[in-house]
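1. sequence-free structure coming up:
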């Protein structure tokens, strides 16, 4: 047995062979044992066919991203060997279907298993062959059977017959491997230390849980990868939480329905990806004029156009900040990881309803669909809607002589807001320019006054974010102790943090700033985090070509980014590979 601080597993095969399910079962078992886990899927934009893959990395210490070297491989087809050979080493152990895979690398440690023969011998369903492979690997790497059984039951919860079939197949693989003599020593993880309660979740699931905890009362969307799982999760919560969920006929309809519900005083949201967001732009601008907290989840993918519909990208950052015709304030946040997505969802709901502005939660496909073990979410969160005056309270105020004006000029620039149907109040919204009463006007003085009131909220929001919210995170050495400063956001921060480990081992004093709130840009907090700029190399790490965060930083602070490290092939960076690229650059410019 060889102990490793972290172990990476790849499961590959044709679509429909259960590769992702196999990975989830193994990931969940490691999670149950107390290890840190990340799971990453890769699948084609096809109804049927094509090659799919799932990676699981577990460790004693936190693992932020995949590495470029895989320890175990389960190969259900020849394509797994051919497509992923670049991440195999002479220490990689491959468990393969001996009836299907014929050509193997000459430098790997290969273990053929007659999965199909075992299926026939034990009278199992061929569709459960993936669970047999999961059981075989679990047995070999020392995952106790009890955790595998628990994981299988959770994977197929509520489907007792399917649970029984898959458990039988998993145990067959487990017992087969336990009784077989293998010439290679297995890789195993040391016993994990005791930790506080953690959950295994994706970004989309965390957002959905955040919606429920944040008081959402209506979710509507048109399916679009990678935002579609939010719709699926919300349907699951619909009955228990009494939250209406609708699949609209288009993204335009979804945005309009969410905006209409918001106008009625109901916390509502919608979700989409880049193409759908483009269709929502007119509604977003309308929300800006109405001063309503339309909530949009924008789950980015590789673009432009359809791009790679099932792969990662961060090309919509600058578009999101300025989408919609005309100028109006908005709040844009990009969660740092899966559990952060939970808290930012709740925060954005509250902030939108505090400042009466549209809000956009910006996530990328890697964060949306990847699985990670994270601390269990706190449930003692506050649901706040300070701009909305409850109907009873508003009617009492009106009875005492208060005159409601839907766009009144107030000290904090946020007009009062009452639900439609409030007795004594004319609740009017106007998509054309209007006065304090919501009546259309072309009077230049009135137009200038209300326009400046609307836009004036942006600076007040900036101050609120900088003073009261976690607008960014820093990792690595202390401020001004670094020779290398990495600026990043979203899931690109994971590879940056993994690279930080390698850079530190190689003597590079590095620090990371991961931005969370992107607009209004938290200039003062960012400048404070940067410290001195002389004597240090500043780079950006993003999943886009131009280095859009670097462009934003430069436009808001004047700080130049020395080099952008972008990846735009739809796949995430691997930690060691990113560190190697950074080291090479530092050597080229004479800073190593």
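-> Looks like it came in fine. Remember, predicted model here, so these are calculated numbers, not experimental data.

2. the bottom helix or strand of the chain by mean pLDDT?
-> In the chain, no helix or strand scores lower on mean pLDDT, DSSP states H and E than helix 228-241, which sits at a mean of 91.

3. contact partners of that one?
-> For helix 228-241, contacts defined as C-beta atoms under 8 Å, 6 or more residues apart in numbering pick out 202, 204-205, 207-209, 211-212, 219, 221, 223, 243-245, 247, 271, 297, 299, 368-369. Quick note: C-beta positions are derived from backbone N, CA and C, even for glycine.

4. the next helix or strand along the chain from it: which residues count as buried?
-> The C-terminal neighbour of helix 228-241 among helices and strands, as given by DSSP states H and E, is strand 245-247. By neighbour count on 16 or more other C-beta atoms under 10 Å, the buried set for strand 245-247 is 245-246.

5. cool, and stretch 40-58?
-> 40-43, 51-58.

6. then stretch 257-270?
-> Across stretch 257-270, burial judged by 16+ other C-beta under 10 Å covers 257-259, 261-263, 265, 267-270.

7. looking at these, which is nearest residue 285?
-> Among the buried residues of stretch 257-270, residue 259 lies closest to residue 285 (C-beta to C-beta), at 10.8 Å.

8. what about the closest one, is that helix, strand or coil?
-> helix (DSSP: H, G, I helix; E, B strand; the rest coil).

9. which ones are touching it?
-> Residue 259 neighbours (C-beta under 8 Å, 6+ apart): 268, 283, 286-287, 290, 292, 294.

10. ok, residue 196 next?
-> 375-376.

11. which phi and psi values does it adopt?
-> Main-chain torsions, residue 196, degrees, to the nearest 10: phi -70, psi 170.

12. and what of the one 10 residues further on?
-> Reported as degrees, to the nearest 10, the phi and psi values for residue 206 are phi -60, psi -40.

13. could you check how far it is from residue 474?
-> 22 Å (C-beta to C-beta, to the nearest Å).

14. kindly report the same for residue 516.
-> Between residue 516 and residue 474 the computed distance is 11 Å (C-beta to C-beta).

15. looking at the two, which is more packed in?
-> The residue with more neighbours, out of residue 516 and residue 474, is residue 516; 22 against 15, by other C-beta atoms under 10 Å.

16. spit out the contact partners of the more buried one.
-> With C-beta under 8 Å, 6+ apart, residue 516 has these contacts: 333-336, 340, 344, 470-473, 489.

17. can you list which of these are found in helices?
-> Cross-referencing the contacts of residue 516 against helices under DSSP state H gives 340, 344.

18. C-terminal to whichever helix or strand residue 165 is part of, what's the next element?
-> For residue 165, the host element (DSSP H and E) is helix 160-179. Later in the chain than helix 160-179, the nearest helix or strand by DSSP H and E is strand 187-188.

19. can you list the helices and strands that that following strand packs against?
-> With contacts defined as 3 or more C-beta pairs under 8 Å, 6 or more residues apart in numbering; DSSP states H and E, strand 187-188 has these neighbours: strand 2-3.

20. after the strand it packs on comes which helix or strand?
-> strand 6-14.

21. from the middle of its chain, how far away would that next one be?
-> Computed by C-alpha atoms, centre = their mean, to the nearest Å, the chain-centroid distance of strand 6-14 equals 21 Å.

22. wait, is residue 518 part of a strand?
-> Yes - assessed with three-state DSSP, residue 518 lies in a strand.

23. nearest residue to the middle of this structure?
-> Ranked by distance to the mean C-alpha position of the chain (C-alpha atoms, centre = their mean), the top residue is residue 367 at 2.6 Å.

24. what does the helix or strand hosting it contact?
-> If you go by DSSP H and E, residue 367 is part of helix 365-369. Under the criterion C-beta under 8 Å, 6+ apart, residues 40-41, 202-204, 225-227, 229, 299-302, 310-313, 335, 337-338, 341, 490-491, 494, 543, 572 lie in contact with helix 365-369.

25. let's see it at 6 Å
-> 202-204, 226, 299, 301, 312, 490-491, 572 (C-beta atoms under 6 Å, 6 or more residues apart in numbering).

26. buried ones in that helix?
-> Buried residues in helix 365-369, counted by 16+ other C-beta under 10 Å: 365-369.
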